[in-house]
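# What follows is a predicted structure for the sequence shown.
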Amino acid sequence: MAARRRRGLSLGSILMLLMTVAALLGTAYFVVRVAGDSPAASMHLEEIIGAVEQAISPGRTAAPSPAP
């Protein structure tokens, strides 16, 4: 049986990559808009970013913060 030659990325792969980039850009835009509209949201933006970073990088574990 002859080996099949791969031609690189398929159309479906390219579309999924473009959709992923669009979703990331949309999320960043949304967070910036929310942080700019609400002083309360902008005060907690660092905590939100820290939680997102911890969620997307499972190898890192952060020390739990003390309760207020």
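Done, it's in.
# in which helix or strand would I find Ile49?
Using DSSP states H and E, the element containing Ile49 is helix 45-56.
# by contact count, what packs against that helix?
With contacts taken as 3 or more Cβ pairs under 8 Å, 6 or more residues apart in numbering; DSSP states H and E, helix 45-56 sits against helix 11-37. All C-beta atoms are positioned from the backbone trio N, CA, C, and that covers glycine.
# who are the neighbours of the helix it packs on, in terms of helices and strands?
The contact analysis (3+ Cβ pairs under 8 Å, 6+ apart) places helix 11-37 against helix 39-43, helix 45-56.
# Of the ones you listed, which is nearest Val21?
helix 45-56 (15.7 Å; Cβ to Cβ).
# Now the closest one - C-alpha only, PDB.
Extracted C-alpha coordinates of helix 45-56, given in PDB (Å, rounded to 0.1, in the frame of the first residue of the first chain):
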ATOM      1  CA  LEU A  45      -9.300  42.900  37.300                       C
ATOM      2  CA  GLU A  46      -5.900  41.700  38.700                       C
ATOM      3  CA  GLU A  47      -7.700  39.000  40.700                       C
ATOM      4  CA  ILE A  48      -9.700  37.900  37.700                       C
ATOM      5  CA  ILE A  49      -6.600  37.700  35.500                       C
ATOM      6  CA  GLY A  50      -4.800  35.700  38.100                       C
ATOM      7  CA  ALA A  51      -7.700  33.200  38.300                       C
ATOM      8  CA  VAL A  52      -7.700  32.900  34.500                       C
ATOM      9  CA  GLU A  53      -4.000  32.300  34.300                       C
ATOM     10  CA  GLN A  54      -4.200  29.700  37.100                       C
ATOM     11  CA  ALA A  55      -7.000  27.900  35.200                       C
ATOM     12  CA  ILE A  56      -5.200  27.800  31.900                       C
END
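# circling back to that earlier point, possible to save the helices and strands packed on helix 11-37 as TSV with mean pLDDT, distance to Val21 and mean neighbour count?
Shown next, in TSV, are the helices and strands packed on helix 11-37 (pLDDT from 0 to 100; distance: least, Cβ to Cβ, whole Å; neighbours: other Cβ atoms under 10 Å):
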stretch	mean pLDDT	distance to Val21	mean neighbour count
helix 39-43	64	25	10
helix 45-56	80	16	11
